[in-house]
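K.L.:
fold the following and give me the result.
(one chain, ligands or ions: 1)
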Amino acid sequence: MDNIVEIRDLRKTYAGGFEALKGVNLSIKKGEILALLGPNGAGKTTLISTICGITNPGSGSVLVGGHDVVTQYRDARRLIGLVPQEINLEPFSKVKDTVAFSRGLFGKPRNPALIERILRQLSLWEKRDARVVELSGGMKRRVLIAKALSHEPEVLFLDEPTAGVDVELRKDMWDIVAELKELGTTIILTTHYIEEAEAIADRIGVISSGQLLLVEEKAELMARLGQKRLQIDLQDKLSAVPDVLVEYNLELVEDGQALRYTYDTRGERTGITRLLGDLASAGITLTDIQTEQSSLEEIFVGLVKEGAA
Ligand SMILES: Nc1ncnc2c1ncn2[C@@H]1O[C@H](COP(=O)(O)OP(=O)(O)OP(=O)(O)O)[C@@H](O)[C@H]1O
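P.N.:
Residues are numbered from 1 along each chain as shown. Just a heads-up that it's a prediction; the model follows:
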């Protein structure tokens, strides 16, 4: 089986009547890094909590490693490591004991060599005898990851692993995630930082108002949905866009030395050939042209707007 998680028509309505998940379908492939990207309140935490068996689904099904998260909770949960959004550690426990204890909670036998490997991997070995209260915020987040890995899960969920952390620590987290993937762990992370999804994910799911708007390979998503910009460098400066070119909505940039044309790569026709012909007819000489892909950020904002409409 290539999919480690299978979610079918998952719905969740909270007690007050609020529908937080509106029929989510999602298959998560073994060994991939999937980023669930969405604005505040989109339903990301609800989705993760339901997969991890912390929140009950209203209807639909979630299988982890083929085990139903409701009826076969223990078997499913054994395969899952969860790094929660909030830091919820026992302040006066030693780092090593905290991590070893988590393993015990899953009924796994003691394994000091494994705990050492995890602590080393997360650069926590030097701090193994420190109490949690003595650690920096970044180290505490690493301890959360170490705890989540202590029972050797196959799939690791990170709920906003870099919310409120500084740029350096964010980069550290990305490195850790990349290393874990190398070791074969499947990783699902939620984020509202587009650059985070762009930097580390293999696939990106966009979630908004309880709906999964799409899930796609990062590269494909950018290629399929992206708008592109064509910059046309001019031999002679223009003071205004000539009237004959008005239909192209060109922008005059670089102090009149270049024209910028935005086109949709999804369109059947980009209009480029015609534009270049019309430029020549207007007597405009080009010195260079470049294209530029729009960022994931622009794609995302466009999608969420469409989803809300
Ligand atoms: N226990 C609850 N009872 C009622 N409504 C809830 C509960 N938990 C979450 N919600 C609502 O469900 C919606 C989705 O919340 P959720 O925490 O899943 O979003 P999120 O995408 O993780 O947001 P954020 O990025 O802010 O963490 C929100 O409107 C939230 O207010």
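K.L.:
tell me the residues of the stretch 151-300 of the chain that contact the ligand?
P.N.:
Counting by C-beta under 6 Å from any ligand atom, the residues of the stretch 151-300 of the chain close to the ligand are H192. Any C-beta I mention is one placed from the backbone N, CA and C, and that applies to glycine too.
K.L.:
can you show me the helices along this structure?
P.N.:
For the chain, helices defined by DSSP state H occupy the ranges 44-51, 73-78, 95-105, 112-121, 137-149, 167-182, 194-200, 218-225, 272-281, 296-308.
K.L.:
Serialize these to TSV and add fields for mean neighbour count and mean pLDDT.
P.N.:
What follows is the helices of the chain, written out as TSV (neighbours: other C-beta atoms under 10 Å; pLDDT from 0 to 100):
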stretch	mean neighbour count	mean pLDDT
helix 44-51	24	94
helix 73-78	16	94
helix 95-105	19	95
helix 112-121	16	93
helix 137-149	21	91
helix 167-182	16	85
helix 194-200	19	84
helix 218-225	16	74
helix 272-281	14	93
helix 296-308	16	67
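K.L.:
N88 is nearest to which of those?
P.N.:
Nearest of those to N88, taken as C-beta to C-beta: helix 137-149 at 8.0 Å.
K.L.:
rewinding a little: with distance to A15 added, can I get the helices of the chain in CSV?
P.N.:
Converted to CSV, the helices of the chain look like this (distance: least, C-beta to C-beta, whole Å):
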stretch, distance to A15
helix 44-51, 13
helix 73-78, 21
helix 95-105, 28
helix 112-121, 37
helix 137-149, 28
helix 167-182, 34
helix 194-200, 31
helix 218-225, 35
helix 272-281, 55
helix 296-308, 25
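K.L.:
out of those, which is closest to Q257?
P.N.:
helix 272-281 (14.3 Å).
K.L.:
so what touches the closest one?
P.N.:
Contacts with helix 272-281, where a contact means C-beta atoms under 8 Å, 6 or more residues apart in numbering, come from 230, 232, 244-245, 248, 259, 261, 263, 286.
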